[in-house]
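# Predicted model follows, preceded by the sequence.
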Amino acid sequence: MLASYTFNTTYTPSSETWQHFPSLRLLEGGRFSPDQYGPVLVWEYQQIRLKYYRWGMVSAWNKRGEENKGKKFAPIEQVFSHPRFQLPLRRNRCLIPADGYYIDTKGRNGKETFKASMPEGEGFCFAGIFDAWRQSDGSTLYSFAILTQASGENDIHLRKPLILPKNVESTWLNPYTNMNKVQKILQLPARGGLKFQEVHELNIQELPSIGQVAA
């Protein structure tokens with residue numbers, strides 16, 4: 001399953017479907033993990049805006065004290081039927097810009113980590129939904145969930161984030177889009193062309209000391 005994702009590049013939307021797209025050129029990304037704030041694109045006041053929402057969607061109807069019970073993922077098989085996802089799917093769809101993501105799997109030697117990205121390192125967008133939850137201090141917490149889909153037989157993990165083709169991003173983001181069109185987007189084939197590279201975490205204890213290097 002998706003453990004974190006990165007955004008360290010610019011993103012160029014489809015010129016045929018976007019107008020007044022906010023610039024991401026100066027956006028300093030990094031590696032985003034659950035419960036952290038990450039950049040999202042939303043439709044607000046008849047235009048596309050860049051926001052920072054927390055990854056882990058807390059529903060508007062959650063009880064107080066449940067701010068840590070957010071949903072990181074929204075399976076596409078459940079978004080039309082699960083009460084937590086139904087209203088955000090209709091009103092609060094968003095895009096999450098990324099240029100790669102990390103997945104953790106169980107291998108023979110324990111946990112194995114892989115990074116998925118496009119061959120040329122180009123950016124893309126996950127499909128997401130968000131909600132607004134009133135906190136006990138009166139402030140509003142905006143948080144999002146990433147839509148996921150079943151992986152293909154050749155993939156190394158069970159589920160993967162839904163990456164949208166550029167030509168449907170504006171349709172997904174527009175809150176006035178007919179739900180039949182939204183459903184058709186969710187039925188599109190999974191995005192292909194990703195490359196997977198195993199990541200070997202550096203073990204500090206295995207590094208030689210300064211004296212050993214000098215010798």
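Now that the structure is in, tell me what you want to look at. Because the structure is predicted, anything quoted here is derived from the model rather than measured. Numbering: from 1, shown residues only.
# From here on, just use CA atoms for contacts and neighbour counts.
OK.
# tell me the helices in the chain, going along the chain?
83-91, 169-173, 179-186, 210-214 (DSSP state H).
# Tell me which of these lies nearest to Gly56.
Closest to Gly56 of those, according to CA to CA: helix 83-91, at 12.3 Å.
# quick one on the thing from earlier: do you know which of the helices of the chain lies nearest Arg54?
So among the helices of the chain, helix 83-91 is nearest, using CA to CA, at 15.0 Å.
# circling back: select, out of the helices of the chain, the one closest to Leu147.
Using CA to CA, the nearest of those to Leu147 is helix 179-186, at 9.3 Å.
# Now that closest one: average pLDDT?
Mean pLDDT, helix 179-186: 96.
# what's it packed up against?
Where contact means 3 or more CA pairs under 8 Å, 6 or more residues apart in numbering; DSSP states H and E, helix 179-186 is packed against helix 169-173.
# Could you identify which of the helices of the chain is most buried?
Of all the helices of the chain, helix 169-173 carries the top mean neighbour count, a mean of 21, counting by mean count of other CA atoms under 10 Å.
# for the record, mean pLDDT for that helix?
If you average the per-residue pLDDT over helix 169-173, you get 91.
# Using CSV, lay out the helices of the chain together with distance to Glu112.
Listed next are those as CSV, based on distance: least, CA to CA, whole Å:
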stretch, distance to Glu112
helix 83-91, 31
helix 169-173, 32
helix 179-186, 29
helix 210-214, 29
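# so which of these gets nearest Lys160?
It is, among the helices of the chain and with distance given as CA to CA, helix 179-186, at 13.3 Å.
# what's the angle between the closest one and helix 83-91?
Comparing the axes of helix 179-186 and helix 83-91 via axes from the mean of the first three to the mean of the last three CA atoms, to 10 degrees yields an angle of 110 degrees.
# tell me how far helix 179-186 is from the chain's mean position?
19 Å (CA atoms, centre = their mean, to the nearest Å).
# can you list contacts of that helix?
Here helix 179-186 makes contact (CA atoms under 8 Å, 6 or more residues apart in numbering) with Ile76, Arg90, Val168, Thr171, Trp172.
# which ones are touching the third one?
Going back to what we said before, that points to Val168. Ile185.
# Look up how far Glu122 lies from it.
Between Val168 and Glu122 the distance is 17 Å, computed by CA to CA, to the nearest Å.
# Which among the helices of the chain is found nearest to Ser151?
helix 179-186 (13.8 Å).
# List every C-alpha atom in that closest one, with coordinates, as PDB.
What follows is helix 179-186, C-alpha atoms only, in PDB (Å, rounded to 0.1, in the frame of the first residue of the first chain):
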ATOM      1  CA  MET A 179     -21.900  11.900 -11.500                       C
ATOM      2  CA  ASN A 180     -22.300   9.500 -14.500                       C
ATOM      3  CA  LYS A 181     -19.100  11.100 -15.900                       C
ATOM      4  CA  VAL A 182     -17.400  10.700 -12.500                       C
ATOM      5  CA  GLN A 183     -18.300   7.100 -12.500                       C
ATOM      6  CA  LYS A 184     -16.800   6.600 -16.000                       C
ATOM      7  CA  ILE A 185     -13.600   8.200 -14.900                       C
ATOM      8  CA  LEU A 186     -13.400   5.600 -12.100                       C
END
